[in-house]
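S.K.: Build me a structure from this.
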Amino acid sequence: MTDTLRAALRARSNAHAPTVAGFEALTGHAWHQPTPARLAAGRAVSVVIPARNVAYCLAHVLDALAKQDTEGPVEMIVVDDASTDATADIAAAHPAVDILVRLPHPMGAAVARNLGTRLASADTVVYVDADMVLPPHVLADFAARAADNLVLVGFRHNVPFTPGSDGMAAVPAGNPQLAADHRVTWRPPVGTRLLYSGIVLDKPLEGRPLDHTRDFQDLGYGAWYYDWDLPRMVVTALLAAPRAAVLDVGGFDAEFGRIGWGMEDTHLGAALIASGCLVVPLRQAVGFHLDPPDAEQQWQRKLATWPATVAHYQRRLNEPVPIGRTEAFTTVADRLLAQAEVSTR
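M.R.: Model prediction:
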């Protein structure tokens, strides 16, 4: 009988210390330190940005990406998910954007990322949310460390919406803080069933998932840290993955977006881990996540659908490991792209 995805996760280690040590020995540079541009020389990345109604922040995001300090080639792909505001116009006018896809109707972030991945020319795809403003070293951080078996995880520092003089979200001064990410500093509710694991904590917890799992290494073989396992650490707000591996597992499962919010990146993470990838954090790769003006309302709408997407994820875990799906992925993506407007520079 074919192994299920759940069973395959229990068989996979996440012992990435030799990989980290090898990088440091080869380059003379610490894994978790911002990366000099020269270390990324000749190492291309394709940045894929799914975008829907993010006119309040997209220009800041693209400006920051245009200022990345890297000597490696950068391809910028924005997939507009049928926005009803000025998102597509902002992307079309920005000189950093190499490819703009405009979808004829909303298809969800999973489909948008899949189409961007299909069009990507680099071996490494960096997924960046359209509300993430990155420091100038981040693309070099990913490019210099990318490999065909590594999922590289960045982090986010949420900031509430504050309008600037132009009405767009203002970007805070200074650097985003690693500790602001809930995978780094975690204070779960007490006496409430946690939706992902189903556990109920009976006393307050000051959790440190990143530290306490030794940079996720102790989450191998299907291990858990309270409400966290290794696939859940794979968050596509800021993430790099080998394009060939993403295609081989079939990319993002669009069904999650049809059901509700979330879990498509967790499922992709599970599939990549089962296929042999290691999940390695980059503590220096932290971006400002610019909340929208209606952040609280959006969050409540998302949370209302999360139980359904978690249930779908649990069903997917009991299915065979998704491998050998590149041809099917390409067929679906090409059909959808034929319905979209694709502009290139």
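
S.K.: Run a quick neighbour tally on A11.
M.R.: 11 (other CB atoms under 10 Å). Just so you know, the C-beta spots here come from the backbone N, C-alpha and C atoms, and that holds for glycine as well.

S.K.: Can you tell me, leaving aside adjacent residues, what's nearest to it?
M.R.: Nearest non-adjacent residue to A11, counting by CB to CB, 6 or more residues apart in numbering: Y221, 7.1 Å away.

S.K.: tell me, how many neighbours does the one you found end up with?
M.R.: 13.

S.K.: Can you check the pLDDT for it?
M.R.: Residue-level confidence at Y221 comes out at 98, pLDDT.

S.K.: for it, helix, strand, or coil?
M.R.: Following DSSP: H, G, I helix; E, B strand; the rest coil, Y221 is assigned to coil.

S.K.: Can you tell me how far it is from L210?
M.R.: Distance of Y221 to L210, given as CB to CB, to the nearest Å: 18 Å.

S.K.: so where is this protein shaky, pLDDT-wise?
M.R.: Scanning the chain for pLDDT under 70 picks out 1-2.

S.K.: So for it, which residue is the most central one in space?
M.R.: T236 (1.1 Å; CA atoms, centre = their mean).

S.K.: name the element that residue belongs to?
M.R.: Here T236 sits in a region with no helix or strand, counting by DSSP states H and E.

S.K.: hang on, D218 packs against Y225?
M.R.: Yes: at 7.4 Å, D218 counts as touching Y225 under the criterion of CB atoms under 8 Å.

S.K.: Give me the more crowded residue out of these two.
M.R.: Using other CB under 10 Å, the more surrounded residue of D218 and Y225 is Y225, with 21 against 15.

S.K.: ranges for the strands of the stretch 1-150 of the chain?
M.R.: 45-51, 74-80, 99-102, 124-128, 132-133, 150-159 (DSSP state E, counting those that start in this stretch).

S.K.: thinking again about what came up before, residues in contact with both of D218 and Y225, list them for me.
M.R.: Taking CB atoms under 8 Å, 6 or more residues apart in numbering as the contact rule, the neighbours common to D218 and Y225 are H212.
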